[in-house]
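Engineer: this one's structure only:
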């Protein structure tokens, strides 16, 4: 069974060291998402419809809202993966144009050759997290160096706007934008149909415009909202997991555990315990 060795979290987002031997369902994030192999067997992800290798020399690069899944080969040993879920607002502090890290097209391709510096920083950050899980400021400095190296190597960063004035807003139909805002505000157990009605569109129009605007279906988006809320609650609250199961619309705690593990790789109990090592 997959395990979480360390989880660091802060204004930067999350960094997880995951010892993986189990596939994950197709999902997405609003984050700039980078996957780096630490040790173990070579493995692969499905990014969009493209099989993308994860090796000592190849990173997996996932744009914000790009559907992806971890595909574990049961005939191979485990893989220790460093999973970076980086907040675009944090990256914007380095360069204004890096706020685009949460939008489609930030990375030129879903895979890239790891430079010696990126490999060195990956192993250094992994070792720091294992040895001193509560040294979050130190982790953040190493993460800063790592993300700068990743962005400079794998994106056309020189072409990004260098000022706030030069930044353009990604186009999105206003009705879909309003529906997305409503999905984030309302109970995450809500049915998609209530948002279709609020948008004043037919169901077919709503689904087509939503996927055109964001790249994911409304149902997948709702799952993302639910999972992000669940992650925050598991990390930051002491609420019993049985109560969280009810809050997020699962009739049985086992259903909540399965949903959580299918998206995060580990159970909510393990995620809570490991994330608090950094407290």
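Structural biologist: Sure, I can see it. What you see is a predicted model; the values in this text were computed from it and never measured. Numbers count the residues shown, from 1 in each chain.
Engineer: Quick one: residues contacting the residue lying closest to residue 47 once chain neighbours are set aside.
Structural biologist: Leaving aside its sequence neighbours, residue 47 sits nearest to residue 110 (Cβ to Cβ, 6 or more residues apart in numbering; 4.0 Å). Just so you know, the C-beta spots here come from the backbone N, C-alpha and C atoms, and that holds for glycine as well. By Cβ atoms under 8 Å, 6 or more residues apart in numbering, the contact list for residue 110 reads 47, 48, 50, 52, 60, 61, 62, 66.
Engineer: per the record, what domains does the chain have?
Structural biologist: Domain segmentation of the chain under the TED database yields 3-154, 174-275.
Engineer: Only the buried residues of stretch 27-46, if you could.
Structural biologist: Of all the residues in stretch 27-46, those buried under the rule 16 or more other Cβ atoms under 10 Å are 27-38, 40-41, 43-46.
Engineer: now do stretch 223-236
Structural biologist: Neighbour-count burial for stretch 223-236, with 16+ other Cβ under 10 Å as criterion, is recorded at 223, 224, 225, 226, 227, 228, 229, 230, 231, 233, 234, 235.
Engineer: which residues sit against that stretch?
Structural biologist: For stretch 223-236, contacts defined as Cβ under 8 Å, 6+ apart pick out 7, 9, 14, 27-30, 183-184, 188-189, 216, 239, 241, 244, 247-249, 256, 259-260, 263-264, 268, 271-272, 275-276.
Engineer: Tell me which of those fall in helices.
Structural biologist: 183-184, 241, 244, 247, 256, 259-260, 263-264, 268, 271-272, 275 (DSSP state H).
Engineer: List just the nearest of those to residue 3.
Structural biologist: Set against residue 3, the nearest of those by Cβ to Cβ is residue 271 (10.5 Å).
Engineer: Right, I'll call it a day here.
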